[in-house]
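> Below is the sequence, then the predicted model.
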Amino acid sequence: MKKQRNIPKKNYKQSGRLAQKQGGRSGARTKSSSANATAAKPLRQKPSPKPKKPMKAAHTDTPHTQNIQWFPGHMTKTKRQIERDLHMVDAVAEILDARIPLSSRNPDIAALTAGKPRVILLNKSDMADKQATKKWIAALSGEKARVIPVDCKSGRGVEKFVPALKELLSEKIDAYHKKGMLNPTMRVMIVGIPNVGKSTFINRISKKNKAVASDRPGVTRGNQWFTVAKGFEMLDTPGVLWPKFDDQTVGERLAFTGAIKDNIMDIELLAIRLLDLLKELKTPAFIERYSLTDDDLSQPSHELLSIIAKHRGMLISGGEADTERAAAAILDEFRAAKLGYITLEFPAD
Ligand code: G4P
């Protein structure tokens, strides 16, 4: 539930190509080769479609790009922690944002954990395009990777997590059984960038009793272990971004979805970039919500921002459009899927 607020100036950055057309209410965040170590198929950003014909001004007429500044979090510390603890887990649970599965994957963490079997949780799938999510499931699944779409907010799909883990680790569990260890404990490390829904997932999946870390040899005191099912324990890790986005569309998509905090970005620029995409998608929810005509949609995005402000009665003294307020509203509403169920990136076909 995003609140409408007075928008502080922030800083963000540039272009991206859209993705998926989808309207109304219906269903439901790295690109980096290292990040895709477990993927069954190669991934790519969807290429930019050609600009639409004689629209009054193509959206590219707005040089609205900015370098998105962000705080990566304690990346070095987190990497050291993961390196230290990786040997004691049997699998990794990686949470991605179903709307941006490439951009929401921390390539450094993905590379660090690449050798482990993993369950990939496509979270926030309630806000993603369903067909795109299906494609992502196929693209990311592999011998050592199971992919589950989840909506941790409602809990939908979360019940599939433990069965997927059991299936993924069945050979290992069988081997323990053959050695006479009937109740082995499988340990899973959970990773995910900030705001992807890690806490929400942990709250859903964890039994109330936290595992007692200091009881077991080799288990670092102070780590956050949770029991998720009989024989399954989970280790939490801090959600961190990576220090540098090589691809500026990644930073932009992370900003659209709220993974990078608004208070470090120019939100008007950010909203204008988002409008570039929304104009192309023309989801019914977007058009209806802002009462947009074809002529409105043909305007450059900075003009469209003013139009939306006026349609919404967001004015400053003198009757001018309050574009800052409108920008905040557009971003909030996109993040709440009020402008349609939209996935911003696709796997390679
Ligand atoms: P984090 O630990 O990875 O940083 O993320 P966290 O769980 O705090 O979730 C970040 C935001 O995303 C929260 O919203 C949370 O409710 C929301 N969220 C998590 N999973 C899902 C999901 O599957 N679907 C949807 N639609 N939202 C999800 P918030 O606005 O920050 O807080 P609140 O409104 O829930 O209080």
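Thanks, I have the structure now.

> Can you name the residues of the stretch 151-300 of the chain sitting close to the ligand?
151, 152, 153, 192, 194, 195, 196, 197, 198, 199, 200, 239 (Cβ under 6 Å from any ligand atom). Glycine gets a C-beta too; all of them are placed from N, C-alpha and C.

> which residues does the second one contact?
This means residue 152. By Cβ atoms under 8 Å, 6 or more residues apart in numbering, the contact set of residue 152 is 121, 123, 124, 158, 197, 200, 201, 204.

> List the buried residues of stretch 256-276.
256-260, 262, 264-276 (16 or more other Cβ atoms under 10 Å).

> Check stretch 307-314 too.
Those would be 307, 308, 309, 310, 311, 312, 314, for stretch 307-314 by 16+ other Cβ under 10 Å.

> Tell me, what's the model's pLDDT at the residue of the stretch 201-349 of the chain found nearest the ligand?
With Cβ to the nearest ligand atom as the measure, residue 239 is the residue of the stretch 201-349 of the chain nearest to the ligand, at 4.9 Å. With respect to pLDDT, residue 239 scores 90.

> That one - how many residues pack around it?
For residue 239, the neighbour count with other Cβ atoms under 10 Å is 21.

> Ok, residue 199 next?
So residue 199, with other Cβ under 10 Å, has 14 neighbours.

> picking that back up, helices - which of the residues of the stretch 151-300 of the chain next to the ligand land there?
Among those, the residues falling in helices (DSSP state H) are 198, 199, 200.

> Follow the chain on from the helix or strand hosting residue 270 and name the next helix or strand.
For residue 270, the element it lies in under DSSP states H and E is helix 267-281. Using DSSP H and E, the helix or strand that follows helix 267-281 in sequence is helix 284-289.

> Now that following helix: buried residues?
285, 286, 287, 289.

> Then stretch 320-332?
Buried-residue list, stretch 320-332, by 16+ other Cβ under 10 Å: 321, 322, 323, 324, 325, 326, 327, 328, 329, 330, 331, 332.

> Please apply the same query to stretch 334-348.
334-335, 337-347.

> Stretch 138-154 now?
So, applying 16+ other Cβ under 10 Å, buried residues of stretch 138-154: 139-142, 144-152.

> Stretch 234-251: which residues count as buried?
Under 16+ other Cβ under 10 Å, the buried positions of stretch 234-251 are 234-242, 245, 248-251.

> what's the answer for stretch 160-172, then?
161, 162, 164, 165, 168, 169.

> Tell me who's in contact with the last one.
Neighbouring residues of residue 169 by Cβ under 8 Å, 6+ apart: 90, 91, 117, 186.

> Widest-spaced pair of those residues?
Greatest spatial distance in the contacts of residue 169: 117 and 186, 10.1 Å, computed using Cβ to Cβ.

> Identify the contacts common to these two.
90, 91, 169.
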